[in-house]
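Colleague: After the sequence you'll find the predicted model.
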Amino acid sequence: MAACCRFAGRRAHIYACLLAGAALPALAAAASAQVIESVTVSAERRLEDLQSVPMAVTAFQASDLAARRIEGVRDIQFATPNVNYTKNNFTSSNFSIRGIGTQVISADSEFGVAFNIDDVYYAGPPIDSAQFYFIERIEVLCGPQSTLYGRGATGGMVNVFTVRPELYEQSASFSAVCDNYNAAKLKGMVHLPLLDGLLGLRLAGELVCHDG
């Protein structure tokens, strides 16, 4: 009787192992079915998937900027590793990546982190007062980027890409926000297709004012 019980127990154990082995391919198929969202960046001056870029890059799409309430350059530090922002005296500021930035109080001082807006280099970007509006994506590159972006990108690079104009559809939007201390924020945008879709014009603007 004891031998029969041991045989039945071994057979049940074998069945359990077979069932577990059969379940593994199903679990692998379910895992492979989960598609990772593809984020396209141009960190190396060519469009490629963020997962294949051989450098430390933090990318924010328009939906990410809204979800994380990134409304200006100073807000990037709250959602990006190794990034810090401080306001210096007068109108200067220090945006640093991995501790490299600039603390020089001078109108002609060179930043340790380079800023490009639509692939155009800005030697003196308005970091302190600039507001993000109608932005397609933002890329923060950590580490020296001098090979691709010049000597100014010693600590890293910030690429800002605005939304391109529509070529076939007209669109417009407007928003207004009021707050205490007579604060007001007005935003507006208009898309206009030109020459039967050959050209497009986009005008976007923002006005921020408050007392105190």
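Modeller: Here it is on my side, so go on.
Colleague: CA atoms of stretch 83-99 as PDB?
Modeller: Backbone C-alpha positions of stretch 83-99 (Å, rounded to 0.1, in the frame of the first residue of the first chain) are rendered in PDB as follows:
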ATOM      1  CA  VAL A  83      20.100  68.000 -13.600                       C
ATOM      2  CA  ASN A  84      20.100  71.100 -11.300                       C
ATOM      3  CA  TYR A  85      18.900  74.600 -11.800                       C
ATOM      4  CA  THR A  86      19.700  77.700  -9.700                       C
ATOM      5  CA  LYS A  87      19.000  81.400 -10.100                       C
ATOM      6  CA  ASN A  88      22.000  83.600  -9.800                       C
ATOM      7  CA  ASN A  89      22.200  87.300  -9.200                       C
ATOM      8  CA  PHE A  90      20.800  89.800 -11.700                       C
ATOM      9  CA  THR A  91      19.400  88.000 -14.800                       C
ATOM     10  CA  SER A  92      21.800  85.000 -15.000                       C
ATOM     11  CA  SER A  93      21.100  81.400 -14.000                       C
ATOM     12  CA  ASN A  94      22.900  78.100 -13.800                       C
ATOM     13  CA  PHE A  95      21.600  75.000 -15.500                       C
ATOM     14  CA  SER A  96      24.000  72.200 -14.800                       C
ATOM     15  CA  ILE A  97      24.200  68.500 -15.800                       C
ATOM     16  CA  ARG A  98      26.300  66.200 -13.600                       C
ATOM     17  CA  GLY A  99      27.600  69.300 -11.800                       C
END
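Colleague: What are the contacting residues of it?
Modeller: In this structure, residues lying in contact with stretch 83-99 by CB atoms under 8 Å, 6 or more residues apart in numbering are 73-74, 76-77, 82, 101-106, 109, 111-113, 127-128, 140, 142-143, 155-156, 158. All C-beta spots, glycine's among them, are computed from the backbone N, C-alpha and C.
Colleague: Can you say which of the residues you listed are buried?
Modeller: 73-74, 76-77, 82, 101-102, 111-113, 127-128, 140, 142-143, 155-156, 158 (16 or more other CB atoms under 10 Å).
Colleague: Out of the residues you listed, name the ones that lie in strands.
Modeller: Secondary structure of the buried ones among the contacts of stretch 83-99 is defined by DSSP state E; positions in strands are Val113, Val140, Cys142, Gly156, Val158.
Colleague: want to throw these into TSV with distance to Gly188 and pLDDT?
Modeller: What follows is these, written out as TSV (distance: CB to CB, whole Å; pLDDT from 0 to 100):
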residue	distance to Gly188	pLDDT
Val113	30	89
Val140	28	93
Cys142	35	90
Gly156	32	90
Val158	25	92
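Colleague: Could you export those residues to CSV, including columns for distance to Asn89?
Modeller: Output for those, formatted as CSV (distance: CB to CB, whole Å):
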residue, distance to Asn89
Val113, 19
Val140, 26
Cys142, 27
Gly156, 24
Val158, 23
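Colleague: what's the closest of these to Met55?
Modeller: Closest approach to Met55 among those (CB to CB): Cys142, at 7.5 Å.
Colleague: you'd agree the closest one is up against Ala43?
Modeller: No - with contact defined as CB atoms under 8 Å, Cys142 does not reach Ala43; the gap is 10.4 Å.
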